[in-house]
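Asks: Quick one, fold the following:
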Amino acid sequence: MSHGKLREEKNCLNCGHTVEERFCTHCGQENTQTRQPFYYLFTHFVEDFTHYDGQFWGTIKNLLFRPGKLTNTYLEGKRQKFVPPVKLYIFVSFITFFMFALFPPFNIDFKDKEETMISKEKSLLDKVKSVDTQKIIDSIKTQKNLSEEDSLTIKKLNAFVPDSTEMNDFKTTFEMNRKIDGTTRYGGYKNKKSYDSAAAKNPSIFDFIKKPMAHKFFELKEKGVTKGEILKNLTETSFHNLPKALFIYLPLFAFFLWIFHHKKKWWYFDHGIFTLHYFSFLLLTILFTSLLINLTNLSDLGIINTFLYLIITALVLYSIVYFFIAHHRVYHAHGAVSFLIGFVLFSINFFAFTFLVVGLALVSFLMIH
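Replies: Predicted coordinates for the structure are as follows:
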């Protein structure tokens, strides 16, 4: 219920009918003051969505922990108990990508990373100076009986020797910060002219994809961009296009459901409701997973990170199992039949969405400036 101040007048500003209490019995509009403080915009949005009567939180609880419950309830005609599917999907989608903007699930700024690594390397060099740390460690280890003091010395010196993981991280970072130079080729060709000449001699049915990709590569090569910049721009552009891809895939997901179920018993509308609920669940799962990934980046404790990775793995597995449970509960098929249809649908959608993601990556690459 809204907490806006009621008007003294009893006429409805929307339809003109008399309002006996708070809401107009003719059109349902609330008879509150029209002028409100600025913060009312936010509080009204939250209040309108959550209703403070448990509708929102009840919806989220059932969405996460009771697969198929929201879809069954909605298709039974009980549509006031929970948040409507379209409204739920739009809200969850907004929250998910808003949180992604605040807490990106990945950090691929190789320039900043390189500066950090160089600073770290200089710090180590200042400490070690000209002493060959590894040789000292090896010479101590050659002794037959290591004293407690020797073991302590090795432990301290090991702090100055980067491990293989750290060295590989160094190499990857420096490699990604290298510009695409003249020796870099695309399909064996150094420049656009040689590629176009070869493509003209040996045309292919995939030239409509390969040619724009090659031209974009040579364009970026001429600009002198680094591999890290390409990866960063590609990831950011793909990320910004992801909501569009998910929105485009919604009707396709429902279409696959429609193909594999009885047409008279289940309308395309019914499959659309199932799809909206399942995609809302997936978005929330993606959000929780990304937040956990951010926590692993902040924590240096192996035990905590192991625990977080176990939770992430459990979330991924649950998102897969969730589909089969929801499908069985909504479509009421026999267990074996439901599992078989669910497996086929899951496989088709996996490959179809992978194809869409690859297409999205290609488009994102072509959009890099």
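Asks: Tell me where the model's unsure across the stretch 151-300 of the chain.
Replies: 151-187, 226-229, 236-241, 299-300 (pLDDT under 70).
Asks: got the residue ranges for the helices in it?
Replies: Ranges of helices within the stretch 151-300 of the chain are 164-176, 192-201, 207-223, 227-259, 268-298, based on DSSP state H, counting those that start in this stretch.
Asks: quick one: secondary structure of Gly28?
Replies: The assignment at Gly28 comes out as coil when based on DSSP: H, G, I helix; E, B strand; the rest coil.
Asks: For it, the count of nearby residues, please.
Replies: 10 (other Cβ atoms under 10 Å). Any C-beta I mention is one placed from the backbone N, CA and C, and that applies to glycine too.
Asks: circling back to that earlier point, kindly reformat the helices of the stretch 151-300 of the chain as CSV containing mean neighbour count and distance to Phe353.
Replies: Output for the helices of the stretch 151-300 of the chain, formatted as CSV (neighbours: other Cβ atoms under 10 Å; distance: least, Cβ to Cβ, whole Å):
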stretch, mean neighbour count, distance to Phe353
helix 164-176, 13, 28
helix 192-201, 13, 31
helix 207-223, 15, 19
helix 227-259, 17, 6
helix 268-298, 18, 11
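Asks: Could you export those as JSON lines, including distance to Leu308?
Replies: Below are those laid out as JSON lines (distance: least, Cβ to Cβ, whole Å):
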{"stretch": "helix 164-176", "distance to Leu308": "19"}
{"stretch": "helix 192-201", "distance to Leu308": "46"}
{"stretch": "helix 207-223", "distance to Leu308": "37"}
{"stretch": "helix 227-259", "distance to Leu308": "22"}
{"stretch": "helix 268-298", "distance to Leu308": "5"}
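Asks: Which of those sits closest to Phe98?
Replies: Among those, the nearest to Phe98 by Cβ to Cβ is helix 268-298 (9.7 Å).
Asks: now for the helices of the stretch 151-300 of the chain, which one comes closest to Lys87?
Replies: Between Lys87 and the helices of the stretch 151-300 of the chain, the tightest spacing by Cβ to Cβ is seen for helix 268-298, at 9.6 Å.
Asks: residues of the helix or strand following that closest one that come out buried?
Replies: The first helix or strand that comes after helix 268-298 along the chain, using DSSP states H and E, is helix 302-331. For helix 302-331, burial by neighbour count (16 or more other Cβ atoms under 10 Å) applies to 308, 312, 315, 319, 322-324, 326-331.
Asks: re earlier: which one of the helices of the stretch 151-300 of the chain lies closest to Leu102?
Replies: Across the helices of the stretch 151-300 of the chain, closest to Leu102 is helix 268-298 (Cβ to Cβ), at 10.1 Å.
Asks: Let me know the angle separating that closest one from helix 227-259.
Replies: Compare the direction of helix 268-298 with that of helix 227-259 by axes from the mean of the first three to the mean of the last three Cα atoms, to 10 degrees and you get 150 degrees.
Asks: Can you name every helix or strand that helix 268-298 contacts?
Replies: For helix 268-298, the elements it packs on are helix 55-65, helix 69-75, helix 85-102, helix 227-259, helix 302-331, judged by 3 or more Cβ pairs under 8 Å, 6 or more residues apart in numbering; DSSP states H and E.
Asks: which strands and helices sit next to the third one?
Replies: Okay, so that is helix 85-102. So helix 85-102, by 3+ Cβ pairs under 8 Å, 6+ apart, packs with helix 227-259, helix 268-298.
Asks: Relative to Gly359, which of those helices is closest?
Replies: Of all the helices and strands packed on helix 85-102, helix 227-259 comes closest under Cβ to Cβ, at 8.5 Å.
Asks: Mind giving me the packing neighbours of that closest one?
Replies: On a contact count with 3+ Cβ pairs under 8 Å, 6+ apart, helix 227-259 meets helix 85-102, helix 110-128, helix 164-176, helix 268-298, helix 335-366.
Asks: Now the ones you listed in JSON lines, please, with extra columns for distance to Glu9.
Replies: Shown next, in JSON lines, are the helices and strands packed on helix 227-259 (distance: least, Cβ to Cβ, whole Å):
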{"stretch": "helix 85-102", "distance to Glu9": "31"}
{"stretch": "helix 110-128", "distance to Glu9": "60"}
{"stretch": "helix 164-176", "distance to Glu9": "67"}
{"stretch": "helix 268-298", "distance to Glu9": "40"}
{"stretch": "helix 335-366", "distance to Glu9": "54"}
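Asks: nearest to Asn202, of the ones you listed?
Replies: By Cβ to Cβ (comparing all of the helices and strands packed on helix 227-259), the closest turns out to be helix 335-366, at 21.5 Å.
Asks: If you average the pLDDT over that closest one, what comes out?
Replies: Regarding helix 335-366, the rounded mean pLDDT is 86.
Asks: now the angle from that helix to helix 207-223?
Replies: Here helix 335-366 runs at 50 degrees with respect to helix 207-223, directions being taken by the same axes, to 10 degrees.
Asks: need the contact list for Tyr74.
Replies: Phe82, Pro84, Pro85, Ile273 (Cβ atoms under 8 Å, 6 or more residues apart in numbering).
Asks: Generate a PyMOL selection restricted to the buried entries among those.
Replies: Written as a PyMOL command, the selection of buried residues from the contacts of Tyr74, which uses 16+ other Cβ under 10 Å, is:
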select buried, resi 82+85+273
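Asks: follow-up on the earlier one: redo the helices and strands packed on helix 268-298 as JSON lines? Include distance to Leu287.
Replies: Listed next are the helices and strands packed on helix 268-298 as JSON lines, based on distance: least, Cβ to Cβ, whole Å:
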{"stretch": "helix 55-65", "distance to Leu287": "11"}
{"stretch": "helix 69-75", "distance to Leu287": "18"}
{"stretch": "helix 85-102", "distance to Leu287": "5"}
{"stretch": "helix 227-259", "distance to Leu287": "13"}
{"stretch": "helix 302-331", "distance to Leu287": "10"}
